[in-house]
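*Asks:* Take this sequence and fold it.
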Amino acid sequence: MLKLTLLFIFSTLLSAANPIVYAALGDVLYNNAKSIQNLRSIACYEPQYKDIDTYLLKIEATKKMGFAIENGDTSVDKKEYLQDLRALSKKNDAFVRSANTTFRQALENEDSTLFAQLVNSGLIDTKKHKNEILRYYYSHHEDINVTDVIEGCLDKDKKLAKSRKKSGQYAKYKKQKEKEKIHRIREQDIYDQKKLEKKLDAEVKLKKLEIQKEKQKALFQ
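*Replies:* Numbering: from 1, shown residues only. I've put the predicted structure just below:
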């Protein structure tokens, strides 16, 4: 029943315009609702599904308040509407911060599935993180299905490359790309080396522990 209610809410949120009352604050929340709803399709957000649903139901109720005020309904308190918007704004910002933190973790853990889900959610600023998105995609393209969002970044990168080539900066651009590639390889080598060192260190500690146990066992025999 809840799923059907949420589906109805999103069809309303996406099809209707936003209230003009406090639009500077409301537009951000109403336009971002679909992106926050997309978090429900990401497995690691399952513990927050209920919070997401509660937030989206409140968004819908608040949007109705905005339209009521816009239509001259004096029974709806304009001050209360503003307070609700401010409270929702804090929660919206929390979801955005969470998505960006999880995005960083996906990059660090080389979790390509999670990376793609977050980029596609709409909560990651693709303009701000375009270089990171492209670097990760070029390094892991075999594990990632190209989506509209990622394809948009790729198209922009190709157009930029053509523009630089025409302006005589292509050689410099290509050299920079090679540097970035070498940097990625070195970072991967460092990561692999640290991973190996941790593994060997753990094995050494385990071996020492086994030797100590054997010594203690020999003392009591």
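
*Asks:* what about the helices in this structure?
*Replies:* In the chain, the helices defined using DSSP state H lie at 2-15, 23-37, 49-70, 78-109, 112-121, 130-140, 148-166, 170-219.

*Asks:* Just the angle for the second one relative to helix 49-70, thanks.
*Replies:* Orientation note: helix 23-37 sits at an angle of 150 degrees relative to helix 49-70 (axes from the mean of the first three to the mean of the last three C-alpha atoms, to 10 degrees).

*Asks:* returning to that earlier point: looking at the helices of the chain, which is nearest to Ala43?
*Replies:* Ala43 sits nearest to helix 112-121 of all the helices of the chain, at 8.4 Å, using C-beta to C-beta. Just so you know, the C-beta spots here come from the backbone N, C-alpha and C atoms, and that holds for glycine as well.

*Asks:* ok so, going back, hey, which of the helices of the chain is tucked in deepest?
*Replies:* Stretch with highest mean neighbour count among the helices of the chain: helix 112-121 (a mean of 21; mean count of other C-beta atoms under 10 Å).

*Asks:* Make TSV from the helices of the chain and add distance to Ala43 to it.
*Replies:* Formatted as TSV, the helices of the chain follow (distance: least, C-beta to C-beta, whole Å):
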stretch	distance to Ala43
helix 2-15	17
helix 23-37	15
helix 49-70	10
helix 78-109	11
helix 112-121	8
helix 130-140	19
helix 148-166	19
helix 170-219	24
